[in-house]
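**Q** A predicted structure for the sequence below; I have some questions about it.
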Number of protein chains: 2
Amino acid sequence: MSTSEPRASYHHGDLRNALLDAADDLLSEGSADGVALRAVARRAGVSHTAAYNHFEDRTDLLRAVALRAFGRLQTDLERVAADGASTVGDIAAAYLRYATGYPRQFTLMFDRALCRPDGEEDELAAAGDAASATVRGFVAARTGLSGEELDVAALALWAQVHGLATLVVETPALKSVAPEAAEGIARALSAQLVFGRP
Amino acid sequence: MSTSEPRASYHHGDLRNALLDAADDLLSEGSADGVALRAVARRAGVSHTAAYNHFEDRTDLLRAVALRAFGRLQTDLERVAADGASTVGDIAAAYLRYATGYPRQFTLMFDRALCRPDGEEDELAAAGDAASATVRGFVAARTGLSGEELDVAALALWAQVHGLATLVVETPALKSVAPEAAEGIARALSAQLVFGRP
DNA sequence: CTCCAATATGACCAGTGGTTACTTCTCTCG
DNA sequence: CGAGAGAAGTAACCACTGGTCATATTGGAG
């Protein structure tokens, strides 16, 4: 995925994507704060100032990486939702699979520091809303709930699955569970949810 | 909480705690990566190298801050657990209250980067286990479950509450909910849990 | 009272995010 | 076709960070 041949011409051609790829690779390889803007540029075979032609900021770069990652999660979730036979356990498992498959990207996606300040329109927030809406639609289709009952049920599911994912990804106690096991746990946990008011 | 009088003597007396206080303050004031070791030392009125007499590392310092924060959460949870009349909703609300009250400390507590590498004994992991055990004991006492059923039920609750907390603290979509509202949501969500196999 | 170990210091290093002034190229338009 | 404007690159510089080293200060044990 990373292109490292020394390019022939002065101009790169598609530096923006090359930088995103490089950042993604570095993220997969090492720690999140190892993704230095300069290291990314170096890996793309370019001086670090070149990056500023495509991103405002290091934060802006990371935000773009997170956005891409959100897109991948979104398509995963939508694939599950599109299958009419899929269950709540299935979507929970898909979420977990993504988180354990791309742990650093997952944490990056929910890094508060990447949000745009103040009330500016935030692509990351929009991506989060889209994912949330997918889960919500899924719950609506399977349970027939609507209105506030649906809100509570969908948030209950999302929170549980997201919580399990972050615990598995971040916490030593749960970090050792194998990815497949994590999916199984996700199914078991979501089975503990009852949708609709008790 | 932060002591800033220029000290009279060469030796500080209780620099370790002063550094922890300073770091905690900086954490409360600004972004997490603004907690530079040098900035902490500066605030404590000491040269940055002095900090290395009390902490191995910047990571070690942050780990100690996180450990302290874990201790506070633990006492909060235990207070709730000690009250025999408290419900699952109560402990969920307490967890949420802590997370919204000390958001940056909360994220720091679950920062993977702070874990000791490899299989070294990790105080942070132990603190996490202690919190988890408290929740587990709480669920056992209220539901009478045990064994694997208890494991699943306790993890279901913890994951849900933890997930809601991280979403509220990190996600733009939910960041705007007022802390009190968040506690209410926590109660509503935990009411969607049924303990024991369906 | 003396000496030692703990504690604090300043000088230094490599690496980072970011800005500025400058160069190189591509591509549009007369 | 062949300027020349503007996009896309570069190198030099800044303030800052984490970290190490040799050195200075000091409280307290003997």
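**A** Sure thing, it's come through.

**Q** Only C-alpha atoms from now on, for both contacts and neighbour counts.
**A** OK.

**Q** Give me the contacts around the helix or strand bottoming out on mean pLDDT in chain A.
**A** Lowest by mean pLDDT, DSSP states H and E among the helices and strands of chain A is helix A:172-175, with a mean of 80. Residues from elsewhere that reach helix A:172-175, judged by C-alpha atoms under 8 Å, 6 or more residues apart in numbering or on different chains: A:167-169, B:112, B:115, B:125, B:128-129.

**Q** do stretch A:147-157 as well
**A** A:135-136, A:139-140, A:190, A:193, A:195-197, B:160, B:188-190, B:192.

**Q** at 7 Å what do you get?
**A** For stretch A:147-157, the external contacting residues (C-alpha atoms under 7 Å, 6 or more residues apart in numbering or on different chains) are A:135-136, A:139-140, A:190, A:195-196, B:160, B:189.

**Q** Equivalent analysis for stretch A:60-69, please.
**A** Outside stretch A:60-69, the residues that reach it (C-alpha under 7 Å, 6+ apart) are A:20, A:24, A:55, A:105, A:108-109, A:114, A:124.

**Q** how many neighbours does the residue of chain A found nearest DNA strand C have?
**A** Among residues of chain A, the one nearest DNA strand C by C-alpha to the nearest atom of the strand turns out to be residue A:36. It sits 3.2 Å away. If you count neighbours by other C-alpha atoms under 10 Å in any protein chain shown, residue A:36 ends up with 16.

**Q** Pull the contacting residues for it.
**A** Shown in contact with residue A:36 (C-alpha under 7 Å, 6+ apart): no residues.

**Q** Now it. Its backbone dihedrals?
**A** phi -80, psi 140 (degrees, to the nearest 10).

**Q** repeat for the one 10 residues further on
**A** Here is the backbone geometry of residue A:46 (degrees, to the nearest 10): phi -150, psi 150.

**Q** wait, isn't residue A:193 in contact with residue B:194?
**A** Yes - proximity of residue A:193 to residue B:194 meets the contact threshold set by C-alpha atoms under 7 Å, at 6.1 Å.

**Q** quick one, which of these two is more surrounded?
**A** Comparing residue A:193 with residue B:194 by other C-alpha under 10 Å, the one with more neighbours is residue A:193, at 23 against 17.

**Q** Run a quick neighbour tally on the residue lying closest to residue A:182 once chain neighbours are set aside.
**A** Among residues not flanking residue A:182 along the chain, residue A:96 sits closest, at 6.8 Å (C-alpha to C-alpha, 6 or more residues apart in numbering or on different chains). Applying other C-alpha under 10 Å, we find 30 residues neighbouring residue A:96.

**Q** Tell me where chain A is predicted with low confidence.
**A** Residue ranges of chain A with pLDDT under 70: A:1-11, A:197-198.

**Q** Chain B contacts on that one?
**A** For chain A, the residues in contact with chain B under the definition C-alpha under 7 Å from any C-alpha of the partner chain are A:110-112, A:125, A:129, A:152, A:156, A:159-160, A:162-164, A:170-173, A:189, A:192-195.

**Q** can we see that at 8 Å?
**A** When proximity is defined by C-alpha under 8 Å from any C-alpha of the partner chain, chain A lies next to chain B at A:31, A:110-113, A:115, A:125, A:128-129, A:152-153, A:155-164, A:166-167, A:169-173, A:188-198.

**Q** What about the residues you listed, which are in helices?
**A** A:125, A:128-129, A:152-153, A:155-164, A:166-167, A:169-170, A:172-173, A:188-190 (DSSP state H).

**Q** Between all of the contacts of stretch A:60-69, which two are at the greatest distance?
**A** Using C-alpha to C-alpha, the two most remote members of those are A:55 and A:105, lying 18.6 Å apart.

**Q** Going by how many neighbours each has, rank those two and give me the top one.
**A** Set side by side, residue A:55 and residue A:105 show more neighbours around residue A:105, with 24 against 16, by other C-alpha under 10 Å.

**Q** who's in contact with the one helix or strand the more buried one maps to?
**A** For residue A:105, the host element (DSSP states H and E) is helix A:103-109. Identification of contacts with helix A:103-109 by C-alpha under 8 Å, 6+ apart yields A:24, A:27-28, A:31-32, A:62-63, A:65-67, A:69-70, A:98-99, A:124, A:166, A:169.

**Q** and residue A:83, how many neighbours?
**A** Counted with other C-alpha under 10 Å, residue A:83 comes out at 9.
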